[in-house]
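Trainee: have a look; sequence and predicted model below, questions after that.
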Amino acid sequence: MKVARAHPLWLAYLLHRLSGLGLALFLPLHFWVLSYALNDAAKLDAFLTLTEMPLVKMAEFGLVFLLAVHLFGGLRLLALEWLPWSAPQKTWAAAAVAGSFLVSTTFLLQAI
Amino acid sequence: MSEFHLYMAQRLSALVMAPFVIVHIGVMIYAIQGGLSAAEILGRTQGSVFWFAFYGMFVVAVSIHAAIGLRTILGEWAGLRGGMRDWLSAVIGLGLFALGSQAVWAVTA
Amino acid sequence: MFSTRDIDRHDTDILILGTGGAGMFAALHAMQTAPEGTKVTIAVKGLIGKCGCTRMVQGGYNVALGGGDSVERHFMDTIEGGKWLPNQDMAWRLCEQAVVRIRELENEIGCFFDRNSDGSLHQKAFAGQTADRTVHKGDLTGIEIINRLMEQVLSRPVEKLQEHRAIGLIPTKDGSALAGVLMIDMRTGKFRFVRAKTVLMATGGGPTMYKYHTPSGDKTMDGLAMAMRVGLPLRDMEMVQFHPTGLLAGDHTRMTGTVLEEGLRGAGGQLVNHAGQRFMFDYDGKGERATRDVVSRGIYSEMRKNNNPEQEGVFISMSHLGPDFVREKFKGMVKRCADSGFDLAAGKVEVVPTAHYFMGGVVVDVDTRTAMEGLYVAGEDAGGAHGSNRLGGNGVANSTVYGGIAGDVMGADIRSMGALREPDEAVMAAELARASHPLTRDPALVLPLRKQLQEAMWDEVGVMRTEAGLKRGLGRIAEISDALGDVGVAADNLAFNLTWHDWLNLRSLCDISEVITKAALARQNSRGAHYREDFPDPGAMEDSYFTVARQVDGAVEVGREDVQFTIVRPGETVLPEGEPETLVAAQ
Amino acid sequence: MRPQTFEVPAYDNQTVLDVVSWIQQNADPTLTYRFACRVGMCGSCAMMVNGVPRWTCRTHVSKVLDGNAIEVGPLRNLPVIKDLAADMDPFFDKWVSAEGMHHPTRTRDDAIEAIDPVTMERQEANAGIECINCSVCYSACDTVAGNPDYLGPAALQRAWTLYNDAKDANKDAILDAVSGTGGCHSCHSMGSCTTYCPNELDPLSAILGLKRATTKRFFGGRK
Ligand SMILES: Cc1cc2nc3c(=O)[nH]c(=O)nc-3n(C[C@H](O)[C@H](O)[C@H](O)COP(=O)(O)OP(=O)(O)OC[C@H]3O[C@@H](n4cnc5c(N)ncnc54)[C@H](O)[C@@H]3O)c2cc1C
Ligand code: HEM
Ligand code: SF4
Ligand code: F3S
Ligand code: FES
C-alpha cells in the first residue's frame, strides 16, 4: 500500500538527508581533486579550467546549494533540539536565515 | 560508543563545521571570481598555519560527521545492522579522513 | 468435530480473566501477596488494557477524601442510590477501600488526577451525591487509570494470553471446586484449557443486548453466562442502568449508543423533544439534572409519545450556552461529535437512553469469593455493591477496589491450596461442543439475529417494563435463541474468525437476556433502574428483597432473598447527628 | 496479501470502522479487524486508510473518500496477525523499554502529593498524557520503518511525560533508557507522528525535550 506523508517537516527531513548524502558522495571527489596539487599543480589547473564549462558550473552551483541546504537544515535541527523555543519559532527562524542565505548566494553566484 | 555518544559527536561536529562552511562558501564565491587557478589557491593557502588549522579541523569534523550520518543511512535505507554497519562507517570515516588529510596537506604544506 | 484431545493444556497458579480495572489490580496485588514463584496469568478477549469499559470511564472515581466528606456519607449515598438493595457490607468496603485505592493509583501506579490550585485533588459531584467526591482526569479518567495500570502490568513478569476468549468454567468432577477455564485462542482458533488454583473472573458484564448500549464491543456477558452454567447464583439481574444520553446516529454505525457525557446536562444542556419543547421539568423538579434513571424514563416517555420512526430520539441542545463556551468546556465531546458529523456546540444532537452498566452479577462475599472454591469474581461481573442503581463514579471505584481485594485474597488463599485440580472431562466436552456447535451448521448471517435480540430487549425489557411486555420478551428471546442454534459459521478458517465470536457473543447475550427478563418479572415493584409500569411503587424499604437467579437442570429459576440491613436500616443513617443533608451547593 | 474489493452501501453517518464491520458482517465473514470502544478511547481500531494511519472508529468516510473508494490496510510497521489486525506487542514492548511506567516515590499508605497544576513541568507532562497508545504515530514514522530498534514516538513521549512528572522517582533510568540503541537520538524530527496523531498530541516536541534533557545531562546539568 502506498504511504502518504508529504508534509513540510517530512520533506525537510528528506531534503536534509538527500543533501547530506549528496555531500558525502561528492566529498571524496573533492578531496581527490585537491590532492592533485601535491604532485602536479598543472593537472589541478587542467581540472580547474573545466569549471569554466557550463555543466561544471551547474554542478558547482548544485554543490553550494546542497551545502547551503544542508547547513541550514542542520542548523534548524540543532536549534530544534537544543534551543528552548517553540517548534514553529525554530522552523520560521531557520527558514528565514536559509532563505536570505540562499538569495544572497544565488545573487553572488550570478554576479560572477 | 553508545548511540547517544554518536549523536553528540555528530551534533558537535556539525556545530564546529557550521562556521567553517560559511567561511568556505564565502571564500569559494570570492575565489571563483575571475576563474580558478591552482596558483591562486595555493598562493593563498600554502604555508599558512591558519588555513592548515582551518581545513584540518574541517576535515576531522566532516569525517566524523559524515561517517555517523552515513551509518544512519546504511541502517535505515540499506538495512545494514550490527558490526557490519559499524565497520563500514568506520572505514568511511577513516577513508574520508585520509583523503581529506592528503588534500589539506597538498594545499597547505 | 472437535474432541477434547484437540485442546491444548496449559497450567498456571493464578488465572485472571479480563484486563479492566478489576483484572489489572488483581494481577498486581496477586503478585504482591502470593508466595515467591507463583505464576500469574492474564487471559483477555482483547489486548491488555485496550478493551473493556474501565478505559472508557469519563466522569471519574468516587472517593471520600475529607473536607467534610466521609466514608459514612459516601456509604449512605451508595445505599440510598441503590434504593436499599445493596449488600451493605460490600458497599461499606467499597467506600472504605476506595480511599486506599485512590492513593495507590496516584502514588504507586502513577495516575495523575486533576488538581486544585493548592495542589490537592479536584473533586466534583455527580447526580445523586451529597458531596464533591468524584476524582477525575478531565473527562478521560479511564484512559489515565487503565494506561497506568497497563504499564505496571506489562512491565512485570505476568504471562499474557491476549485475544484469548474464556468460554467455559470447568469444575472438578464433584463440582465443588473450579479446575480451570476453557478458552479459544482467538488468533489461531484453537482451544486451550488453562488450569489454575485460583481464577478471578473480571469480564465486566456489559449489557450490550440492547439496541442502544455504551460498553465496548468485547463485552457480551460471557462471564455471567459461564457462571450460570456452572450453577452459581446471580443476583439483581433485572438491574440494567441506562444512561440518558446516548448518541443516535442510525443502526448501521457503531457510534450509535455511545455516551454523550453527563456533564453536558450538568452544565445546563437542555433536552428538547420532537416538537422542540423542553420536557424534563414535566417529569422531575430537577429537570435535566435529575438522576440517570429519571431522565432516561423522561426521554423514553417522550419517545413513545412521538412514535416517529424517522426521528426516534430527543435532542440535546447546548447552543444557548454559547457555542464558544461549549467548544471550550467540552472540547473532547465536541470533537467527537464533529468527527461523526454532528455539531454539538452550535446545533443539536439526537440522543436516546442507552444501556450502560449492569448492576447484577455473581453472588460473592466481601472477599470476592464465590460458592465455588477457586473461583473469585470482581468488578462489573459481581453483584451486590450497587443494588438497584450504581452512582456515577462508583463503577470504577468498585472494579479497582474489589480487583485489588481479589488479588490479595487469591495470593493468600493459594498458600493453602495443594495441587492443581483435575477437570471434569464431561463438562469440558460439553463446553467444547457448545462452542463448536455453529461450525457444524450451514453458514448464515449472525447480525440479523443480534439486531432482533437488541430490538426485543429494548422494546420489552428496557427503560420501562410491564408484565405483558416481559412475557412477550421471553418469547422473542427464546425464538432468537433457537434460531441461533441453526445459524452456522464456516469452519474452514477459524483463525481470528470474528464471525464465530459474534455467534458466541450472541449466545451469551441470549442466555443472560433470558435471566434479565425473568428477574424483571420476579420483581414486582420499581426500584432504581428497574421500572415496572404495572408496579410503579418502590414497595416498603424495610421489606426489601433482591432477586437471585440460578440455572437448575438447564432452566433459569428466579427466587427472592431479603436484604440484610447489616449496617443501617431504612430511615436511619450512619452519619453523625446534625450532619447536613448535602454538602453540594445547589446549582 | 492480495487486495480485495467490496461494494459497501453508503450511509450518512458512517465511519471507516463501520465499512469494515459491514464487510465482515455481510460479505466476508472471515475478515479480521480489531476495535473495542467505538469512540476513540481504546486505540485498538487503527488501520491504514488511503496510506494514512487513522483511528477508524472516529474517521468519517466522507473525510477520506478518494473518488468513490477507500483503501484500507493493516497498520504499517507492525507484524500483521491477520487481515487488518496488527500485532501490537512490539509497540508495547518498546513502551516498557523506554521506562514508560511510573517509578513510585510513595506508597498507598502516604497522602497524595500536592502538585501545583500550573508549573511548566506539569504543563509539559500534561501535554502527552492523554495518549491512547493507538500506534498511529508509530505507523506513520519512517524511522520506525527503517530502524527496528527505534522505540518510536509514543513510547518516547511517555518517557518525556514521566521525566516531567514530579512524582517520578527515577529520572536517570528514563534518560538512560532513551539514550541507548533506538532511543530518542534516532529520531530525525520528521514529524509524521505529530501530524497524524488523532488526539492532536505532539510526540515530536516530547522527543526534542528528551534530546535536550540528555544533552544537558551530558554537560553535567541535572534535573
Ligand atoms: C462509556 C462509559 C463510561 C463510564 N463512566 C464511568 C464513570 O465515569 N465512573 C465510573 O465509576 N464508572 C463508569 N463506567 C463504568 C465502569 O467503566 C465499569 O463499571 C468498570 O470499569 C468495570 O470494570 P471491570 O474491570 O469490571 O470491567 P471492564 O473494564 O469492562 O473489563 C472487562 C474485561 O474483561 C474482558 N472480557 C470480557 N469477556 C471476556 C471473555 N469471555 N474472556 C476473557 N476476557 C473477557 C474484556 O475484554 C475486558 O478486558 C463507565 C462505563 C462506560 C461504558
Ligand atoms: C555545515 C554544517 C553541517 C551541519 C550543521 C550539519 C548538520 C547535520 C545534522 C544535525 C544531521 C543529523 C540529521 C538527523 O539525524 O536527522 C546531519 C546529518 C548528516 N550530515 Fe550534516 N551537517 C553539516 C555538514 C555536513 C557535510 C559537509 C556533510 C557531507 C559530507 C554532511 C553529511 C551528512 C550526512 C550524510 C548526514 C546523515 C543524514 C541523515 O541522517 O538524514 N553534513 N547533518
Ligand atoms: S501519540 Fe497519538 S498517535 Fe501516538 S499512540 Fe499516542 S494517541 Fe496514538
Ligand atoms: S515521525 Fe518519527 S522521526 Fe521522530 S518526529 Fe516523529 S518520531
Ligand atoms: S475502537 Fe477504540 S479507538 Fe477506535
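Mentor: That came in fine, so what should we check first? Ligands and ions are numbered 1, 2, ... in the order given.

Trainee: spatially central residue for chain D, please.
Mentor: In chain D, the residue lying closest to the centroid (Cα atoms, centre = their mean) is D:Ser135, at 3.5 Å.

Trainee: stretch D:118-128 vs ligand 4: in contact?
Mentor: No: applying Cβ under 6 Å from any ligand atom, one finds stretch D:118-128 out of contact with ligand 4, separated by at least 12.6 Å. From N, CA and C alone the C-beta is placed, and that goes for glycine too.

Trainee: which parts of that stretch are buried?
Mentor: Across stretch D:118-128, burial judged by 16 or more other Cβ atoms under 10 Å in any protein chain shown covers D:122, D:124-128.

Trainee: hmm, it touching chain A?
Mentor: No: judged by Cβ under 8 Å from any Cβ of the partner chain, stretch D:118-128 stays clear of chain A, getting no closer than 10.3 Å.

Trainee: now the closest residue to chain C within chain A: closest residue in space that isn't a chain neighbour?
Mentor: Residue of chain A nearest chain C, by Cβ to the nearest Cβ: A:Ala4 (19.3 Å). The shortest distance from A:Ala4 to any non-neighbouring residue, by Cβ to Cβ, 6 or more residues apart in numbering or on different chains, is to D:Gly51 (3.9 Å).

Trainee: list the contacts for that neighbour?
Mentor: Counting by Cβ atoms under 8 Å, 6 or more residues apart in numbering or on different chains, D:Gly51 touches A:1-5, D:71.

Trainee: state the pLDDT value of B:Gly34.
Mentor: Note on B:Gly34: pLDDT of 62.

Trainee: low-confidence bits of the stretch 151-300 of chain C, can you list those?
Mentor: Within the stretch 151-300 of chain C, no stretch has pLDDT under 70.

Trainee: quick check: residues of chain B near ligand 2?
Mentor: Checking chain B against ligand 2 by Cβ under 6 Å from any ligand atom, the hits are B:10-11, B:14, B:17-18, B:21, B:62, B:65-66, B:69-70, B:72-73.

Trainee: circling back: kindly provide the distance from the residue nearest to A:Ala4 to D:Ile81.
Mentor: 21 Å (Cβ to Cβ, to the nearest Å).

Trainee: cool, and C:Val100?
Mentor: Taken as Cβ to Cβ, the span from C:Val100 to D:Ile81 is 39 Å.

Trainee: now the residue lying farthest from the centre of chain D. Nearest residue, chain neighbours left out?
Mentor: Here chain D reaches farthest from its C-alpha mean at D:Asp109, the gap being 33.5 Å by Cα atoms, centre = their mean. Excluding its sequence neighbours, the residue lying closest to D:Asp109 (Cβ to Cβ, 6+ apart) is C:Arg103, at 7.5 Å.

Trainee: what is the neighbour count of the nearest residue to D:Gly191 once chain neighbours are set aside?
Mentor: With sequence-adjacent residues excluded and distances taken as Cβ to Cβ, 6+ apart, D:Gly191 is closest to A:Leu9, at 3.2 Å. If you count neighbours by other Cβ atoms under 10 Å in any protein chain shown, A:Leu9 ends up with 20.

Trainee: and the helices in the chain, which stretches?
Mentor: Assuming you mean chain A. A:8-39, A:41-50, A:54-82, A:87-111 (DSSP state H).

Trainee: not what I meant, chain B
Mentor: Taking DSSP H as the criterion, chain B carries its helices at B:3-32, B:38-45, B:49-78, B:82-108.

Trainee: pick the most buried one from the ones you listed.
Mentor: The highest average neighbour count among the helices of chain B, using mean count of other Cβ atoms under 10 Å in any protein chain shown, belongs to helix B:49-78 at a mean of 19.

Trainee: show me what it is packed up against.
Mentor: Helices and strands touching helix B:49-78, as assessed by 3 or more Cβ pairs under 8 Å, 6 or more residues apart in numbering or on different chains; DSSP states H and E, comprise helix A:8-39, helix B:3-32, helix B:38-45, helix B:82-108, helix D:142-146.

Trainee: so that helix, near ligand 4 or not?
Mentor: No: Helix B:49-78 stays clear of ligand 4 (Cβ under 6 Å from any ligand atom), getting no nearer than 10.1 Å.

Trainee: any idea how far ligand 5 is from the residue lying closest to C:Pro570 once chain neighbours are set aside?
Mentor: In space, and not counting its chain neighbours, C:Pro570 is closest to C:Met541: 3.5 Å by Cβ to Cβ, 6+ apart. Per Cβ to the nearest ligand atom, to the nearest Å, C:Met541 is found 41 Å from ligand 5.

Trainee: list the contacts for C:Met541?
Mentor: C:83-84, C:570-571.

Trainee: I'd like those as JSON lines, with pLDDT and secondary structure appended.
Mentor: Output for the contacts of C:Met541, formatted as JSON lines (pLDDT from 0 to 100; DSSP: H, G, I helix; E, B strand; the rest coil):
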{"residue": "C:Lys83", "pLDDT": "97", "secondary structure": "coil"}
{"residue": "C:Trp84", "pLDDT": "98", "secondary structure": "coil"}
{"residue": "C:Pro570", "pLDDT": "97", "secondary structure": "coil"}
{"residue": "C:Gly571", "pLDDT": "94", "secondary structure": "coil"}
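
Trainee: of those residues, which is the most crowded?
Mentor: C:Trp84 (26 neighbours).

Trainee: tell me the contacts of it?
Mentor: Residues near C:Trp84 by Cβ under 8 Å, 6+ apart: C:387, C:541, C:544, C:563, C:565, C:570.

Trainee: please apply the same query to C:Gly488.
Mentor: Per Cβ under 8 Å, 6+ apart, neighbours of C:Gly488: C:438-444.

Trainee: so what sits opposite it in the bridge?
Mentor: In this entry, C:Gly488 is beta-bridged to C:Pro443, by DSSP bridges.

Trainee: and the gap between it and C:Met183?
Mentor: For C:Gly488 relative to C:Met183 (Cβ to Cβ), the value is 22 Å.

Trainee: quick one: mean pLDDT for stretch D:57-69?
Mentor: 94.

Trainee: how about residues contacting it?
Mentor: With Cβ under 8 Å, 6+ apart as the test, stretch D:57-69 has contacts from C:254-255, C:336, C:339-341, D:10, D:13-19, D:35, D:37-40, D:45, D:49-50, D:52, D:54, D:70, D:198.

Trainee: against ligand 3, how distant is the residue nearest to A:Ala4?
Mentor: Applying Cβ to the nearest ligand atom, the value for D:Gly51 to ligand 3 is 16 Å.

Trainee: right, is the biggest helix by length in chain C up against chain D?
Mentor: If you go by DSSP H, chain C has its longest helix at helix C:498-522. Yes: contact of helix C:498-522 with chain D (Cβ under 8 Å from any Cβ) involves C:498-499, C:502.
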